[in-house]
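Enquirer: pasting a predicted model and its sequence here:
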Amino acid sequence: MKTRTLTALSLAIPVLASELPPVIPVGPVSYDNVSYQPANAAMPGEPATTEYIATEGDIPAYDGAAPAAPVTPAPATSSTPNTIINLNIYSSNYQVRGMGVTNHLSDHGFTSVSGSHTFANRNLFNRGFHHRIGGTFGLIWDGASPLGETPLFQVDYAIGKEIFPNLKLDLGYSFKRGGLEGAASRFFNGCAHRVAQDFNLTLDFNDYQKGFFGHATWGVGFQGLTGSYFDVEAGYRFTNIFLLNNIAADLELSAGIAPSFGYWGGGVEGVDAYRIKAALVPYALNGAFGRDSRMYIKPWVQWSCAGSNAHKIDRVAGDGPIDHSQFTVGVDMGWKF
């Protein structure tokens, strides 16, 4: 039994030794005759025994003298239009910042076309400022009224900057002739013209991803009407409220308030009007109109309620030009370039 055990051990020891890890050499290790060529390639100075065929895993050698591959830059694109034209095809009432004029002064409604152009240089003073020019031409469809005698005409210029993502600050100038402000300039201050001029400061916010939008404007008149006014609006855009074949639509709901302090004359201080507006923005899935397309159409409805200043503006025409409550329907069409 003892002899058999010794014999088995003598046979097993060499086998176990072959499975053990090699002994770690002591002292410096020399890396002579190391090749970085593929295993099936011939060593320098030796005849090739097999033909070398490149495989997918082989890494090509780097040639520093070889010319770099040409890089084609991506075309510059921008989602911000330079020019916007908006045609208010028809509004059933004429309003100024939500303050509606009575029907006997605008019996047949109102139509206007407005536009703005932002100049290509959006890095004025090397500080990222932009500047734009805009204008509005409107007609009150009642030529017999004091407001309908002179078409509404307005020119705007503004310089501004995007101070945060989706938030812009603009400092502007407005020249207004005709309309309620032009008539107020003539009747309030005894001016021989229907002109009002002011400077204004506007914060504009529009987040297309989250749906929030709004603005806050502060204006100070220096000719014709010399007080100050505010216009504040906030809203939310509900996307894809319905989908029918190739047509979908968004819904924009907003609310606004327009206070003024001495703008319509001495002692006229308070709120001009409150308003709530709903606008439907249809768009085609093929991009023909709406959303990011060049053309859009926007039917809307608005409810306006006059504030405390309505009773104080009787001096404009002598019989109370401001309607205390109005429901207005309208439709806009626009183009962006």
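Expert: Arrived safely, thanks for sending.

Enquirer: all strands for the stretch 201-337 of the chain, in order.
Expert: Ranges of strands within the stretch 201-337 of the chain are 212-223, 228-244, 247-261, 269-284, 295-306, 325-336, based on DSSP state E, counting those that start in this stretch.

Enquirer: buried ones in the helix or strand hosting residue 111?
Expert: Assessed by DSSP states H and E, residue 111 sits inside strand 110-118. For strand 110-118, burial by neighbour count (16 or more other CB atoms under 10 Å) applies to 110-118. C-beta: built from backbone N, CA, C; applies to glycine.

Enquirer: circling back: closest one to residue 186 among the strands of the stretch 201-337 of the chain?
Expert: Among the strands of the stretch 201-337 of the chain, strand 212-223 comes nearest to residue 186, with 12.1 Å by CB to CB.

Enquirer: who does that closest one touch, helix- and strand-wise?
Expert: strand 195-206, strand 228-244, strand 247-261 (3 or more CB pairs under 8 Å, 6 or more residues apart in numbering; DSSP states H and E).

Enquirer: contacting residues around it?
Expert: 174, 185, 195-207, 227-237, 252, 254, 263 (CB atoms under 8 Å, 6 or more residues apart in numbering).

Enquirer: about what we covered before: chain center to the next helix or strand after the strand holding residue 111: distance?
Expert: The C-terminal neighbour of strand 110-118 among helices and strands, as given by DSSP H and E, is strand 129-140. Remark: strand 129-140 is offset 18 Å from the chain centroid, using CA atoms, centre = their mean, to the nearest Å.

Enquirer: pLDDT on strand 129-140, on average?
Expert: Average pLDDT, strand 129-140: 95.

Enquirer: now do that strand: which elements does it pack against?
Expert: Right, strand 129-140 is packed against strand 110-118, strand 152-164 by 3+ CB pairs under 8 Å, 6+ apart.

Enquirer: got the buried residues for the longest one?
Expert: In this case it means strand 152-164. Using 16+ other CB under 10 Å as the test for burial, strand 152-164 gives 152-154, 156, 158-161.

Enquirer: list of residues touching that strand?
Expert: 112, 116, 124, 127-140, 168-179, 182, 202.

Enquirer: that strand versus strand 195-206: what angle between them?
Expert: In terms of direction (axes from the mean of the first three to the mean of the last three CA atoms, to 10 degrees), strand 152-164 departs from strand 195-206 by 30 degrees.

Enquirer: parallel or antiparallel, list what pairs with strand 152-164.
Expert: strand 129-140 (antiparallel), strand 167-177 (antiparallel) (DSSP bridges).

Enquirer: could you export those as TSV, including mean neighbour count?
Expert: Converted to TSV, the strands paired with strand 152-164 look like this (neighbours: other CB atoms under 10 Å):
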stretch	mean neighbour count
strand 129-140	18
strand 167-177	18
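
Enquirer: looking at those strands, which is nearest to residue 328?
Expert: Closest approach to residue 328 among the strands paired with strand 152-164 (CB to CB): strand 129-140, 13.5 Å.

Enquirer: what angle sits between the closest one and strand 110-118?
Expert: Using the same axes, to 10 degrees, strand 129-140 lies at 170 degrees relative to strand 110-118.

Enquirer: what pLDDT does the model give the spatially closest residue to residue 250 that is not a sequence neighbour?
Expert: Setting aside the residues directly before and after it, residue 250 is nearest to residue 281 in space (CB to CB, 6 or more residues apart in numbering), at 4.5 Å. We have a pLDDT of 94 for residue 281.

Enquirer: ok so, going back, to residue 102, which of the strands of the stretch 201-337 of the chain lies closest?
Expert: Of all the strands of the stretch 201-337 of the chain, the one in closest proximity to residue 102, counting by CB to CB, is strand 325-336 (8.9 Å).

Enquirer: the helices and strands packed on strand 129-140 into CSV, with extra columns for distance to residue 276 and mean pLDDT?
Expert: What follows is those, written out as CSV (distance: least, CB to CB, whole Å; pLDDT from 0 to 100):
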stretch, distance to residue 276, mean pLDDT
strand 110-118, 19, 96
strand 152-164, 24, 96
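
Enquirer: out of these, the one nearest residue 292 is which?
Expert: strand 110-118 (17.1 Å).

Enquirer: which strands and helices sit next to that closest one?
Expert: strand 83-91, strand 129-140.

Enquirer: closest one to residue 99 among the ones you listed?
Expert: Of all the helices and strands packed on strand 110-118, strand 83-91 comes closest under CB to CB, at 13.6 Å.

Enquirer: for residue 175, see how far away residue 162 is.
Expert: Residue 162 sits 26 Å away from residue 175, going by CB to CB, to the nearest Å.

Enquirer: go through the strands of the stretch 201-337 of the chain and name the closest to residue 94.
Expert: Closest among the strands of the stretch 201-337 of the chain, using CB to CB: strand 325-336, at 9.1 Å.
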